[in-house]
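*Asks:* A predicted structure for the sequence below; I have some questions about it.
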Amino acid sequence: MVKLVGKNKILSAVFISGRGSNLKSIYNYSIKKNSKICVELVISSKSDVLGVKFARKYNIKTQIINYKNKVKAEARIIKLLKKNNIQLICLAGFMKVLSKNFVKSFKNKIINIHPSLLPKYKGLNTHERAIKNRDRFSGCTVHYVNQNLDSGKIILKQKVKLYKSDTPEQLAKRILKVENKLYPRAINKVISNF
Ligand code: GAR
């Protein structure tokens, strides 16, 4: 596979911990003719995951970060981001919380996708909580990352209908399809301010 590197593109890093469907949608968006971003680097907190396989298949520079020591892990990530001149960080199913210092050093340059209609259901088990509360809608949100968990300024969010018969898995699957379309749109919006 030949990696497409456009001139003057915004160099981006995608952080993952698993399946990587959002990484895939960001990458597919990045290789479109008029896209202004390039997925330059993938950071993964896990080694043997589908997202890493995808990144390697498409020759994207990929680094697995050992998170046993968070301070060391973040120092290593910062070094990699600087070395690769990364201008935008997209968290896509990255299941580690970035430290306040890390967030501060990339102020307004880190965005995240979260599987709920923020500010509802920050943190984990979003689908279980939406079902338990008998919400009529759930959805997903792309937001800037600030120093508090899932609390930064919202960039875009989209509702997804919640059915009475939904299991968390069924709802997650429907929301994920919407996430995969929403993330590229949110990136487009963010980079218009760069
Ligand atoms: C997505 O549903 C994303 O919103 C969620 O993890 C999944 C990753 O899927 N992120 C979080 O829960 C972050 N708190 P993917 O690996 O297929 O992109």
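*Replies:* That came through fine.

*Asks:* Wait, residue 56 touches residue 62, no?
*Replies:* Yes: counting by Cβ atoms under 8 Å, residue 56 does reach residue 62; the two are 5.8 Å apart. Any C-beta I mention is one placed from the backbone N, CA and C, and that applies to glycine too.

*Asks:* Which single residue in the protein comes nearest to the ligand?
*Replies:* The ligand sits closest to residue 93 of the chain, with a gap of 2.6 Å, by Cβ to the nearest ligand atom.

*Asks:* now the residue nearest to residue 144 when sequence neighbours are not counted, what's its secondary structure?
*Replies:* Residue nearest to residue 144 in three dimensions, not counting chain neighbours: residue 152, with 3.7 Å by Cβ to Cβ, 6 or more residues apart in numbering. Look at residue 152: counting by DSSP: H, G, I helix; E, B strand; the rest coil, its state is coil.

*Asks:* Test my guess that residue 152 contacts residue 141.
*Replies:* No: when contacts are counted by Cβ under 8 Å, residue 152 is not listed as touching residue 141 (10.0 Å).

*Asks:* Give me the more crowded residue out of those two.
*Replies:* Summary of the neighbour comparison: residue 152 and residue 141, criterion other Cβ atoms under 10 Å, with residue 141 having more neighbours (23 against 18).

*Asks:* distance of the more buried one from residue 13?
*Replies:* Between residue 141 and residue 13 the computed distance is 20 Å (Cβ to Cβ, to the nearest Å).

*Asks:* still on that earlier bit, comparing residue 56 and residue 62, which residue is more hemmed in?
*Replies:* It is residue 62, of residue 56 and residue 62, that has more neighbours when counted by other Cβ under 10 Å, with 19 against 13.

*Asks:* So what sits opposite the nearest residue in space to residue 94 that is not next to it in sequence in the bridge?
*Replies:* When the adjacent residues along the chain are set aside, residue 94 lies closest to residue 15, with 3.8 Å between them (Cβ to Cβ, 6+ apart). For residue 15, the residues forming beta bridges with it (DSSP bridges) are residue 43, residue 91.

*Asks:* does the helix ranked longest in the chain come close to the ligand?
*Replies:* Across the chain, the helix with the greatest residue count (assigned by DSSP state H) is helix 168-191. Yes: remark: helix 168-191 sits within contact range of the ligand at 176, 179, by Cβ under 6 Å from any ligand atom.

*Asks:* for that helix, packing partners?
*Replies:* The criterion is 3 or more Cβ pairs under 8 Å, 6 or more residues apart in numbering; DSSP states H and E, and the helices and strands that helix 168-191 contacts are helix 21-30, strand 88-91, strand 110-114, helix 126-132, strand 137-144, strand 154-161.

*Asks:* Extract the C-alpha set from stretch 139-146 and format it as PDB.
*Replies:* The C-alpha trace of stretch 139-146 is given here as PDB (Å, rounded to 0.1, in the frame of the first residue of the first chain):
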ATOM      1  CA  GLY A 139     -26.100   9.300  20.500                       C
ATOM      2  CA  CYS A 140     -22.600  10.500  20.300                       C
ATOM      3  CA  THR A 141     -20.500  13.600  20.700                       C
ATOM      4  CA  VAL A 142     -17.200  15.000  19.400                       C
ATOM      5  CA  HIS A 143     -15.700  17.500  21.800                       C
ATOM      6  CA  TYR A 144     -12.500  19.200  22.700                       C
ATOM      7  CA  VAL A 145     -10.500  17.600  25.500                       C
ATOM      8  CA  ASN A 146     -10.000  19.800  28.500                       C
END
